[in-house]
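>>> Okay, here's the prediction I keep looking at, along with the sequence it came from:
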Amino acid sequence: MVKRRTRFPSDMLVLDRDADVPMHRQLYEKLRAEILAGHLKADTRLPPTRMMAEDLGVSRNTVITTYDALLAEGYLESRSGSGTWVATLPADAVTARNSVGRAGAPSLSSRGMRMAAQPRDRTIPDRIAFHPGYPEIKAFPFSTWARLLKRHARYSHEDLYGYHWVTGHPRLKAAIAEYLRASRGVECAPEQVIVVNGTQAALDILARMLVDEGDICWMEEPGYIGAQNSLLSAGAKLVPLPVERDGWSLEDETRPSPRLIFVTPSCQWPLGCLMRMEDRLRLLQIGERHDAWIVEDDYDSEYRFRGRPVPAMQGLDKSGRVIYMGTFAKTLFPSLRIGFIVVPPQLADGFKRVVSNTGHYPSLLLQAALADFISEGYFATHLRRMRRLYAERQKVFVALCRRHLADWLTIDENDAGMQLVARFTRALEDEVLWRAAQGQGVNFSPLSRQFFHSPPQQGAILGYAGIDPKTMREGINSLRSAFLALESSGALPLDRATAAPRGC
């Protein structure tokens, strides 16, 4: 039996442009309220994001952010080739949810509302293909890791079970400092290393410590959405630092003076570019001229497949303004939740107090095991194995994409990284493909989400590192099915168009 399709009543949504609440938050609250009240019934098809944006007079990114939040929370569902629909909720759940949070409930703070409104790129269980930045898990030496954990779990001294080392266990800080000096050219003492709960915790602390409301921050365009979220949540005003085929655009004299500059110079996210030495030196000069902090995110520089990894920019800094950050999520496994910040000596005490107050420090038991994993050589061995494995997988992945998806996208090998950017050969919005791919069990990151200022480029950020060849083939076949479904529905034109610029 075919379900009856209910038309969407677009005139019910009235947004207040003069309100302090962001437009996407207003739209989210209104759509959610209409669904819970039963006014938007199950099986109602929502307009495409572009049409909704035109009807409401808002940007398309506002509608995309709203749809993604409602999809993630289960109020909407994506159907392959047919768009976005109101999900079927239990009848009693609508009444129960509708009765909660009525008059009298306090609102979030302005900062809280900004934080809650930021979009996120999330992994989905059993949909690792092709989530970017996801490492190979099965090849990790878990037996060795379990032995190291057991070694310290049996040790009952209070230094592993108290509050003593809020900026990191001394042995882990020393191991990280030595590793960074030898492999990345980072100049630091163990006291400058701050161990935190991963990359996002590091970005949250840095934004709180370095940015005041209204401060100008230069942000790569396209750039890492997690950094965008943290800086915007702190009240920063983002100014784009464009990245193109020829590198970073550093010469624009009309760009306002920054308080902070965020870059990923060793493997630009998401394009995979390497910042040339002359641009690194020029960026350091710009930082000095504007008296700005430079945050260097070195998230996966270990995975360079041709030649040695390029030394970090921090090692070139003579004025103590580069703050270096890294993570073990890409080199070991994401749920470890251990990252680190290398701060100039004059900031170490302040960061210690902030980490203590925010609670952004991981388990000392895990830190002790990780210190052994590094110092006893297991980390270096694992990196060598993964570097070879990822280089092989990238070649296989590119070959499979060219063989099975060439009608719809182009993709090239890169010298580094755990993901590649694919560009479309036809006029296609990546969010449309993303929703269709979700229906086929594939999860990638739309390229357009990495743009915050200029008109976004369309494409797909495809991770290949964490999937074996069998899963890779299955994922590519599923992505092919998504393309075919879009063609059959008329959402994808049959004629080939000129592909968008490839960046670098």
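On my side now, so go ahead.

>>> how about the CA coordinates for the helix or strand hosting Thr84, as CSV?
Assigned by DSSP states H and E, Thr84 belongs to strand 83-86. Written as CSV, here are the backbone C-alpha positions of strand 83-86 (Å, rounded to 0.1, in the frame of the first residue of the first chain):
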residue,chain,number,x,y,z
GLY,A,83,14.4,13.7,-0.2
THR,A,84,13.8,14.4,3.5
TRP,A,85,10.6,13.3,5.3
VAL,A,86,9.0,13.7,8.8
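
>>> Can you give the domain ranges for the chain?
Per automatic domain parsing, the domain ranges recorded for the chain read 10-107, 142-376, 381-489.

>>> what distance separates the second one from the middle of the whole chain?
Think domain 142-376. Offset of domain 142-376 from its chain centre (Cα atoms, centre = their mean, to the nearest Å): 15 Å.

>>> Could you do the last one as well?
Once both centres are worked out by Cα atoms, centre = their mean, domain 381-489 turns out to sit 16 Å from its chain's centre.

>>> isn't Cys273 right next to Pro242, touching?
No: judged on Cβ atoms under 8 Å, Cys273 makes no contact with Pro242 at a distance of 11.6 Å. All C-beta atoms are positioned from the backbone trio N, CA, C, and that covers glycine.

>>> out of the two, which sits in the more crowded spot?
For the pair Cys273 and Pro242, the greater number of neighbours falls to Cys273 (25 against 16), based on other Cβ atoms under 10 Å.

>>> Check the spacing between the more buried one and Arg306 real quick.
The span separating Cys273 from Arg306 equals 14 Å under the rule Cβ to Cβ, to the nearest Å.

>>> Also Phe373?
Applying Cβ to Cβ, one obtains 27 Å for the distance of Phe373 from Arg306.

>>> on contacts alone, who are the packing partners of the strand holding Thr84?
Of the remaining helices and strands, those touching strand 83-86 by 3 or more Cβ pairs under 8 Å, 6 or more residues apart in numbering; DSSP states H and E are strand 76-79.

>>> Tell me which residues are up against the strand it packs on.
Residues lying outside strand 76-79 but in contact with it, judged by Cβ atoms under 8 Å, 6 or more residues apart in numbering, are 46, 67, 70-71, 84-87, 435-436, 438-439.

>>> Can you say which of those are buried?
Restricting the contacts of strand 76-79 to buried positions leaves 46, 67, 70-71, 84-87, 435-436, 438-439, with burial counted as 16 or more other Cβ atoms under 10 Å.

>>> Would you mind giving those residues as a markdown table with distance to Arg321 and pLDDT added?
A markdown table is the format used below for the buried ones among the contacts of strand 76-79 (distance: Cβ to Cβ, whole Å; pLDDT from 0 to 100):
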| residue | distance to Arg321 | pLDDT |
| --- | --- | --- |
| Leu46 | 47 | 88 |
| Tyr67 | 40 | 90 |
| Leu70 | 42 | 90 |
| Leu71 | 41 | 88 |
| Thr84 | 45 | 89 |
| Trp85 | 50 | 89 |
| Val86 | 50 | 89 |
| Ala87 | 49 | 87 |
| Arg435 | 43 | 90 |
| Ala436 | 45 | 92 |
| Gln438 | 42 | 87 |
| Gly439 | 47 | 86 |
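
>>> Can you tell me which of the residues you listed comes closest to Pro141?
Nearest to Pro141 out of those is Gln438 (Cβ to Cβ; 33.3 Å).

>>> That closest one belongs to a helix?
Yes: counting by DSSP: H, G, I helix; E, B strand; the rest coil, Gln438 is located in a helix.

>>> Without its sequence neighbours, what residue ends up closest to it?
Distances taken as Cβ to Cβ, 6 or more residues apart in numbering put Ser78 closest to Gln438, at 5.0 Å, once the chain neighbours are dropped.

>>> That neighbour and Arg32, how far apart?
Taking Cβ to Cβ as the measure, Ser78 falls 17 Å from Arg32.

>>> Just send the domains of the chain back as TSV, with distance to Tyr134 too.
Written out in TSV, the entries for those read as follows (distance: least, Cβ to Cβ, whole Å):
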stretch	distance to Tyr134
domain 10-107	18
domain 142-376	7
domain 381-489	4
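
>>> tell me the SS of Gly326?
Assigned by three-state DSSP, the conformation of Gly326 is strand.

>>> What about the closest residue to it other than its chain neighbours, how many residues nearby?
Using Cβ to Cβ, 6+ apart and skipping the chain neighbours, the partner closest in space to Gly326 is Asp298 (4.9 Å). For Asp298, the tally of surrounding residues (other Cβ under 10 Å) stands at 23.

>>> how close does Glu296 get to Leu210?
13 Å.

>>> what touches both of these two?
The contact sets of Glu296 and Leu210 overlap at Ile323 (Cβ under 8 Å, 6+ apart).
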